[in-house]
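Enquirer: fold the stuff below for me.
(one chain, ligands or ions: 1)
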Amino acid sequence: KRIVVLISGSGSNLQAIMDAIDTGQINGRIEAVLSNKADAFGLQRAQNANIPAITLKHTDFDDRHHFDQAMIEKIDQYNPDLIVLAGFMRILTPEFVRHYQGRMFNIHPSLLPKYKGLHTHQRAIDAGDIEHGCTVHFVSEELDGGPLAVQGKVSIDVDDNEESLQQKVHAIEHVTYPLAVELYCANRLMWTQDGVVMDGNTL
Ligand SMILES: N[C@@H]1O[C@H](COP(=O)(O)O)[C@@H](O)[C@H]1O
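Expert: Just a heads-up that it's a prediction; the model follows:
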């Protein structure tokens, strides 16, 4: 499968997916990495792996609509089967989401539908939760609201703080995201009219 990854920052999830392709876990190829931030370290990771690393700065466009249209033009040059949002910190327009509906993943640092939005680790601690984690979901027009695909869980210990919990969640993300991409690339995971189907079972 042909994959395009969108990032805004460090790209540790991008790296985990690149490593899983190298080991043969994922039957796919990253055709390009696109960032809305020119200083995103993830671009460096892509260049180190000889993957086209593209910067498209949202600040160069008048509004979201024009930025997203420019992204679509750039991304479609790579004819992707899957778009992976990996720490891409822009809210996408409905047009963009509809254009890639059913072939676009996002990862969110909580056990959705709990804690949509920001500051998920501190909110889980403040709520007294004993478990937390991350969610890979298909992207829909509802922010952090698309159908769930794969989740990874961690325990919250009494001595955990926001930073220690973030590190735990990052570690489980680097297992969970490659697994979701692996299943999608193997046609074992898809979003159908009946919902998300994995290995023939509706989730
Ligand atoms: N959406 C969130 O943004 C972060 C990106 O991290 P990285 O992949 O850039 O290291 C991840 O924690 C992800 O859940």
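Enquirer: next, the contact list for the residue of the chain found nearest the ligand, please.
Expert: Closest to the ligand within the chain is Gly87: 2.6 Å, counting by C-beta to the nearest ligand atom. All C-beta spots, glycine's among them, are computed from the backbone N, C-alpha and C. Residues in contact with Gly87, defined by C-beta atoms under 8 Å, 6 or more residues apart in numbering, are 7-14, 42, 107.
Enquirer: my guess is Gly33 contacts Ile7, does it?
Expert: For the record, residue 33 is Val, not Gly. Yes. Under the criterion of C-beta atoms under 8 Å, Val33 makes contact with Ile7 at 6.3 Å.
Enquirer: you'd agree Glu31 is in a strand?
Expert: Yes. Membership of Glu31 in a strand is supported by DSSP: H, G, I helix; E, B strand; the rest coil.
Enquirer: that one - how many residues pack around it?
Expert: For Glu31, the neighbour count with other C-beta atoms under 10 Å is 19.
Enquirer: go on, Tyr184?
Expert: By other C-beta under 10 Å, 26 other residues sit near Tyr184.
Enquirer: my read: Asp194 touches Thr202, true?
Expert: Yes. Contact status for Asp194 versus Thr202: in contact at 5.5 Å, counting by C-beta under 8 Å.
Enquirer: so the nearest residue to His174 once chain neighbours are set aside is in which element?
Expert: Nearest in space to His174, with sequence neighbours left out and distances taken as C-beta to C-beta, 6 or more residues apart in numbering, is Ala16 at 3.8 Å. Per DSSP states H and E, Ala16 falls inside helix 12-22.
Enquirer: output that helix as PDB - backbone C-alpha positions only.
Expert: Only the C-alpha atoms of helix 12-22 are listed here, as PDB (Å, rounded to 0.1, in the frame of the first residue of the first chain):
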ATOM      1  CA  SER A  12       8.300   9.500  16.800                       C
ATOM      2  CA  ASN A  13       5.100   7.800  15.500                       C
ATOM      3  CA  LEU A  14       6.300   8.300  12.000                       C
ATOM      4  CA  GLN A  15       9.700   6.700  13.000                       C
ATOM      5  CA  ALA A  16       7.800   3.700  14.600                       C
ATOM      6  CA  ILE A  17       5.900   3.200  11.300                       C
ATOM      7  CA  MET A  18       9.100   3.500   9.200                       C
ATOM      8  CA  ASP A  19      10.800   0.900  11.500                       C
ATOM      9  CA  ALA A  20       7.900  -1.500  11.100                       C
ATOM     10  CA  ILE A  21       8.100  -1.200   7.300                       C
ATOM     11  CA  ASP A  22      11.800  -1.900   7.500                       C
END
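Enquirer: with that, I have no additional questions.
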